[in-house]
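Q: Prediction below, plus the sequence it came from.
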Amino acid sequence: MNQSMKEQESPEQELPSLGQTLATARQNAGISFAEIESRLKMTHAQLTKLEQDDYQDLGPETFVRGYIKNYATLLGLNPVDVLAMYQSPEVPPQKKRMQSFSRRTHKEAHDNRLMMVSYIVLAIVLGSSAFWFWQTNTAEPEMAQESAVTALEAPETDITNTQEEAQNAAIEQTIDTDVQDTQPVNTPEASASNMAETKPQEQVKRDPGLSTVVMYFNEESWVEMFDATQERVAFGVKKAGYTMTVEGKAPFSVILGKHRAVEVTLDGKPVTLPEFTKNRLAKFNLPLAE
């Protein structure tokens, strides 16, 4: 009985594999590899692997089955019977572990990129908030800074103006004294001569090309003024109750710290200043543009 079972099993063990079946059919048909390569558009290496039952490097299983079917059809074999002999190759455990590690590495890289983007967005939000907070707290009126600067310059300017006025007064007094000492007794001729001398002086002082600006300060305020020749005719902090009179060529370029506390006249005519933002420097020209 054991001998009969061995005789039944031996034919099954001697059945050729799929690759051997293809190789035998090719040899019996007398077809060369070159002819098969040209007709199936396959390489010599792919045909050799099929005949050696080496399917791992031939690509996905769908491609492998397509190769076997086309090869069997070309050799005149039944593709269904030949495909029934096909057995999917087992993937080595090491390769599976490699794929798992690659998948994990890809996931970690994706998580790192997502975290980096989150950090960048958070940094932008925090930076914008900090900039807005800083801008809000430091957006004080321009007058505060300029007043601090002019407050330091004003005393020196006032002192300089006072010294110049005192020197001019002393010079005028000296000139008047010298004229009185050297002036002869009043005679009609002398009076006529004096009138002839003083008349040109009065005409120079009353040059029609000059305009006069008078400012009365109800409160302490900073002022700066240029005439049409870009000459600065007024500068500094003026105290409450001070009346400032300047002459120059119109139009004048004026900057006031507190425009609501200053009354302005131009050539004897009151000037109504336009409305400016409170606690901001008022910049305008005299005469006012219509």
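A: On my side now, so go ahead. Quantities reported herein were computed from a predicted structural model and do not represent experimental measurements.
Q: so is Glu275 in a helix, a strand, or just coil?
A: coil (DSSP: H, G, I helix; E, B strand; the rest coil).
Q: how close does it sit to Leu122?
A: 45 Å (Cβ to Cβ, to the nearest Å). C-beta here means a position set from N, CA and C on the backbone, and glycine is covered the same way.
Q: cool, and Gly241?
A: With Cβ to Cβ as the criterion, Gly241 and Leu122 are 58 Å apart.
Q: what do you get for Leu288?
A: 53 Å.
Q: Which residue of those two possesses the greater neighbour count?
A: The neighbour count for Leu288 versus Leu122, taken as other Cβ atoms under 10 Å, is higher for Leu288 (13 against 10).
Q: doesn't Val271 make contact with that one?
A: Yes: between Leu288 and Val271 there is a contact under Cβ atoms under 8 Å: 6.6 Å.
Q: My guess is Phe252 contacts Val223. True?
A: No: the pair Phe252 / Val223 is not scored as a contact, 11.1 Å apart, by Cβ under 8 Å.
Q: By mean pLDDT, which helix or strand of this structure comes out lowest?
A: Within the chain, no helix or strand scores below helix 188-205, which has a mean of 43 by mean pLDDT, DSSP states H and E.
Q: quick one: low-confidence parts of the stretch 1-150 of the chain?
A: Along the stretch 1-150 of the chain, the parts satisfying pLDDT under 70 run over 1-14, 89-102, 139-150.
Q: how about a cut-off of 80?
A: 1-15, 87-106, 137-150 (pLDDT under 80).
Q: what's the burial count for Glu37?
A: Neighbour tally, Glu37, other Cβ under 10 Å: 14.
Q: Which elements pack onto the helix or strand where it lies?
A: Counting by DSSP states H and E, the element that carries Glu37 is helix 33-40. When contacts are defined as 3 or more Cβ pairs under 8 Å, 6 or more residues apart in numbering; DSSP states H and E, helix 33-40 packs onto helix 44-51, helix 61-74.
Q: List the buried residues in the shortest one.
A: Think helix 44-51. For helix 44-51, a neighbour-count test (16 or more other Cβ atoms under 10 Å) marks 46-47, 49-51 as buried.
Q: How about the last one?
A: If you call a residue buried by 16+ other Cβ under 10 Å, then helix 61-74 has these buried ones: 64, 67-72, 74.
Q: Does anything pack onto the helix or strand following it? Which helices or strands?
A: Proceeding N to C from helix 61-74, the next assigned helix or strand is helix 79-84, under DSSP H and E. When contacts are defined as 3+ Cβ pairs under 8 Å, 6+ apart, helix 79-84 sits against helix 18-29, helix 61-74.
Q: closest to Asn218 out of the ones you listed?
A: Within these, the stretch nearest Asn218 is helix 61-74; the backing value is 96.6 Å (Cβ to Cβ).
Q: tell me the strands in this protein, going along the chain?
A: 211-217, 221-226, 232-238, 243-248, 252-256, 262-266, 269-271, 282-286 (DSSP state E).
Q: Just tell me which of these ends up closest to Pro79.
A: With Cβ to Cβ as the criterion, Pro79 lies closest to strand 282-286 of the strands of the chain, at 95.2 Å.
Q: and the closest one, which residues are buried?
A: Those would be 282, 284, 286, for strand 282-286 by 16+ other Cβ under 10 Å.
Q: again with stretch 214-222
A: For stretch 214-222, by 16+ other Cβ under 10 Å, it's 214-217, 220-222.
Q: again, but for stretch 252-269
A: 252-259, 262, 264, 266.
Q: May I see the residues you listed arranged in TSV, with distance to Phe133 and pLDDT as well?
A: Output for the buried residues of stretch 252-269, formatted as TSV (distance: Cβ to Cβ, whole Å; pLDDT from 0 to 100):
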residue	distance to Phe133	pLDDT
Phe252	41	92
Ser253	37	92
Val254	36	92
Ile255	31	93
Leu256	32	88
Gly257	28	87
Lys258	30	84
His259	31	82
Val262	36	91
Val264	40	93
Leu266	45	91
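Q: ok, of these, which one's closest to Pro208?
A: Leu266 (14.7 Å).
Q: hmm, back to that, which of the buried residues of helix 44-51 sits closest to Asn28?
A: The closest of those, once distances to Asn28 are taken by Cβ to Cβ, is Glu51, at 13.4 Å.
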